[in-house]
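**Q** Model the structure of this input:
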Amino acid sequence: MKQETEIDVMIADASHEIYVDKILTTIEEAAKVRGTGIAKRTHEYVAQKMKEGKAVIALAGDQFAGFSYIESWGNKQYVTTSGLIVHPDFRGLGIAKRIKDMTFQLARMRWPKAKVFSLTSGAAVMKMNTELGYVPVTFSDLTDDESFWRGCIGCVNHDILERTNRKYCICTAMLFDPADPHRAKREADEREKNNTQ
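**A** Numbers count the residues shown, from 1 in each chain. Model prediction:
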């Protein structure tokens, strides 16, 4: 039934604030099911991302289907794509990839020289990141902006991050560096690999 429904993926705006509580509940429930940590966000924080045009939402008619947002750090030298979630009723339809692609393009358009990074414990997100040109890096390659790292405090795995002086955690750090001289070759190799499959 859901596959017959057209799903629109778009840049969110203030009119989408009505979905914020559903988004936050869906993120929290998904983290519980996976048994993984997630940085907690407030209603106001997510609503602000929408108002600033820094979020992407997927809707099936007027039903919430998926979400993600972007944020800049370290004086706009780094950008994250965060909070990627697809509602359980709409999983398996390729929505996560559509949202991820749009948030990545939005981040690149707004901050073309910034390094785009992602912290994730999910294999599907790692695969999508790799296809977009991200590479695994150490945490020291990420922003040192304290306000970013404070966002990890609500995660169940925060003690690991703290014990290791922010060198390790359960999440994998991945980085897209627009100035990386090897990026073009990796992207070409990835495209060729995908075309032969």
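
**Q** For the closest residue to residue 144 other than its chain neighbours, give me phi and psi.
**A** Closest residue to residue 144 apart from its sequence neighbours, by Cβ to Cβ, 6 or more residues apart in numbering: residue 74 at 6.8 Å. Glycine gets a C-beta too; all of them are placed from N, C-alpha and C. Main-chain dihedrals, residue 74, degrees, to the nearest 10: phi 50, psi 50.

**Q** Pull the contacting residues for residue 74.
**A** 143, 144, 145, 148 (Cβ atoms under 8 Å, 6 or more residues apart in numbering).

**Q** Which of the helices or strands spans the last one?
**A** Element membership of residue 148, judged by DSSP states H and E, is helix 146-150.

**Q** For that helix, give me every contacting residue.
**A** Taking Cβ under 8 Å, 6+ apart as the rule, helix 146-150 contacts 71, 73, 74, 78, 80, 142, 161, 166.

**Q** re earlier: just the buried residues out of the contacts of residue 74, in ChimeraX syntax.
**A** If you want just the buried ones from the contacts of residue 74 in ChimeraX, going by 16 or more other Cβ atoms under 10 Å, the selection is:
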select :143,145,148
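
**Q** a markdown table please, covering the contacts of residue 74 and showing distance to residue 64 and pLDDT.
**A** Below are these laid out as a markdown table (distance: Cβ to Cβ, whole Å; pLDDT from 0 to 100):
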| residue | distance to residue 64 | pLDDT |
| --- | --- | --- |
| 143 | 30 | 84 |
| 144 | 35 | 86 |
| 145 | 30 | 82 |
| 148 | 26 | 83 |
